[in-house]
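Enquirer: what follows is a predicted structure for the sequence shown.
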Amino acid sequence: MNKKTIVIALLAAGVLGAGGWSLYQLGLSNGMAHAPTAAPTEATGSPAATAVDPSAWGIPEGEAATRRHVESGLKGGDVDPLTGRKILYYHDPMVPGKKFESPGKSPFMDMMLVPAYAGAQGADSGTVSVSSRIQQNLGVRTGEVVSGQLAPEVAAVGTVAWNERGQYLVQARATGFIEKLHVRAVLDQVSKGQPLLDLYVPDWVAVQEDYLTARRLQGRGLETLAEGARQRMRQAGMSEAQIALVERTGQVQARMTLVAPASGAVTELMAREGGTAMMGMPLMRINDLSTVWVQAEVPESQAAQLAVGAQVSAQTPALPGEVFRGQVQALLPEVNPTTRTRKARMALANPKGKLVPGMFVQMQLKPSAQGQARATLLVPSEALVRTGKRTLVMVVEEGAFRPVEVTVGREQNGQAEILAGLSQSQKIVLSGQFLIDSEANLKGVEARLSSPSGSGSEQGPTSATQQTYRTTARVEAVAGETITLTHPEVPALKWPGMTMDFKLAPDVASRRPSAGSEIDIEFRMQEGDAPQIVQWRARQSKAMGGTQ
């Protein structure tokens, strides 16, 4: 009885244990089914996930990413959730220069295309990357494109000169002798009406006596004789005032006094006391000082803002605190090739004669209507890189530098107006551009920017395409200059082992390897074409073609 009870108890315990295990498994399964699962980082692109750097990827990783993009429906311009970077385009690493917008299989090789990401080293041929350590060593400073206005005034400097439109010439109207000079030195100041010299004219004696004799005669018709004598005095060079003096006094006036026609300074003195003055001979030259000219040097970039008649205010260190006003009289058709300034003629009022020729003046000119202040984009002038053919600004994009061609307007006070090429708040490089040029081979990027197709590649070899690579290969087929080779992994290009087409360079095309042979090759990459073999040789044999 006891044995039977023990057996039954054991059987019951086994049944209960099996049922409990089944219930445990069932509960665990249901719990796992209803528990929240962590989505893969690749699919969700969670901000908390660590972004993957595609710069270290090889071709296998790039092909895997392309397959993932096909499955996810990604294309160029989208952001890859795994890397957190924008997809620029897709390309075949074996055929550089060809870009595709959508992922897929390469039309050139039996492989998938590889994506290129923004910010990845070498992904965008229009940008260059410089490490933060090198940027610090180069002293690179950055700033932003701002909106503002340039001051409407145009500054210029110049020197005071004689006003040639206020020049007067004193000359002899008849042949005579200079008996006395009242002004004896050049640059003497004279006033209007002041005596300049006394001139004795012998020829006037006869015509004056004829006139006086005709006036004394009495009788009908004799008035015509007096009028004829009067006309001969005019022809002899006498003025109306001198003729009136003869009529009033009734005496011969053989001497005359020449007076200053205007106030100013004697700039030329050709007469000397005791000398002979011939008819029409210039005796002295007088310049008016009530208005003076200023020959200004206006910067070439600001000359277009001026117009004839623009108002001018001027100051000179010789007369501190005094302001002279005038206007632009003429813009001369001449540019100084050394200083790159255009000459402008200013007329300044000088009522007290304080401004004299040779003085240095500084001027502020009010620009014309087209030169008035307006809202525009401004960058520091030091940010401009002038190459001779174009003007560039280094733009900072996601830690890399991109040269952007800009159109520059006016420049003033260290600020340059940007008419096209930049937008407000863009981050730009202010200093160190030329050192970045040297460090990151900016000139190659400029060449790609100027390509006619706009694809960012130059026609012809660049410094990057001149690099050569070496590997061994087995010849699968030969068709003209195209050779199909099977090669092992090429670490320098991150190529896996594969079968692909190469082309023979012209200097090695005369000798072609045979199918099935083992060869060593040296090749270089070509833009938009298969790699080019510049040298090859059979294994354990002499090199064929190229530089030995």
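Expert: Right, received. Where do you want to start? Residues are numbered from 1 along each chain as shown.
Enquirer: could you pull out the helices for the stretch 301-450 of the chain?
Expert: Assignment of helices within the stretch 301-450 of the chain using DSSP state H, counting those that start in this stretch yields the ranges 433-440, 442-449.
Enquirer: distance-wise, check the residue nearest the centre of the chain relative to Leu269.
Expert: Centroid-nearest residue in the chain, with Cα atoms, centre = their mean: Thr391, separated by 3.7 Å. According to Cβ to Cβ, to the nearest Å, Thr391 and Leu269 sit 55 Å apart. Using the backbone N, CA and C atoms, a C-beta is placed for each residue, glycine as well.
Enquirer: same question, Lys352
Expert: In terms of Cβ to Cβ, Lys352 sits 25 Å off from Leu269.
Enquirer: and if you look at Thr224?
Expert: Going from Thr224 to Leu269 by Cβ to Cβ gives 44 Å.
Enquirer: higher neighbour count, those two?
Expert: Leu269 (20 against 9; other Cβ atoms under 10 Å).
Enquirer: tell me the contacts of the more buried one?
Expert: Each residue near Leu269 by Cβ atoms under 8 Å, 6 or more residues apart in numbering is listed here: Val183, Arg184, Ala185, Val186, Leu283, Met284.
Enquirer: could you dump those residues into CSV and include neighbour count, pLDDT and distance to Glu300?
Expert: Shown next, in CSV, are the contacts of Leu269 (neighbours: other Cβ atoms under 10 Å; pLDDT from 0 to 100; distance: Cβ to Cβ, whole Å):
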residue, neighbour count, pLDDT, distance to Glu300
Val183, 19, 91, 44
Arg184, 12, 89, 46
Ala185, 8, 92, 42
Val186, 12, 92, 37
Leu283, 21, 92, 44
Met284, 23, 93, 40
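Enquirer: closest to Ile243 out of the residues you listed?
Expert: Leu283 (21.3 Å; Cβ to Cβ).
Enquirer: okay, and that closest one sits in which element?
Expert: Element membership of Leu283, judged by DSSP states H and E, is strand 282-287.
Enquirer: name the next helix or strand downstream of that strand, please.
Expert: Sequence order places strand 291-299 as the next helix or strand after strand 282-287, per DSSP H and E.
Enquirer: what pairs with that following strand, parallel or antiparallel?
Expert: Partner strands and pairing direction for strand 291-299 (DSSP bridges) are strand 154-161 (antiparallel), strand 341-349 (antiparallel).
Enquirer: any residues touching that strand, and which ones?
Expert: Strand 291-299 has contacts (Cβ under 8 Å, 6+ apart) with 154, 156-164, 166, 306, 312, 314, 326, 329, 336, 339-350, 355-357, 361, 363, 365.
Enquirer: do that again at 7 Å, thanks
Expert: Strand 291-299 is contacted from outside by 154, 156-163, 166, 306, 314, 336, 339, 341-350, 355, 361, 363, using Cβ atoms under 7 Å, 6 or more residues apart in numbering.
Enquirer: can you turn the buried part of these into a ChimeraX selection?
Expert: To isolate the buried members of the contacts of strand 291-299 in ChimeraX, using 16 or more other Cβ atoms under 10 Å:
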select :154,156,158,160,162,163,166,306,314,341,342,343,344,345,346,347,348,350,355,361,363
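Enquirer: pLDDT below threshold where in the stretch 201-350 of the chain?
Expert: Along the stretch 201-350 of the chain, segments meeting pLDDT under 70 span 218-219, 221.
Enquirer: can you give me the strands for it?
Expert: With DSSP state E, counting those that start in this stretch, the ranges of strands along the stretch 201-350 of the chain come out as 255-259, 264-269, 276-277, 282-287, 291-299, 311-315, 324-336, 341-349.
Enquirer: relative to the whole chain's centre, how far out is the shortest one?
Expert: Between the mean C-alpha location of strand 276-277 and the chain-wide mean there is a distance of 64 Å, by Cα atoms, centre = their mean, to the nearest Å.
Enquirer: elements contacting that strand?
Expert: strand 176-181 (3 or more Cβ pairs under 7 Å, 6 or more residues apart in numbering; DSSP states H and E).
Enquirer: what about Ala492, how many neighbours?
Expert: Neighbour tally, Ala492, other Cβ under 10 Å: 10.
Enquirer: for it, what are its contacts?
Expert: So Ala492 contacts Tyr469 (Cβ under 7 Å, 6+ apart).
Enquirer: and it, helix, strand or coil?
Expert: Using DSSP: H, G, I helix; E, B strand; the rest coil, the structure places Ala492 in helix.
Enquirer: please report how far it lies from Glu209.
Expert: Distance from Ala492 to Glu209, by Cβ to Cβ: 118 Å.
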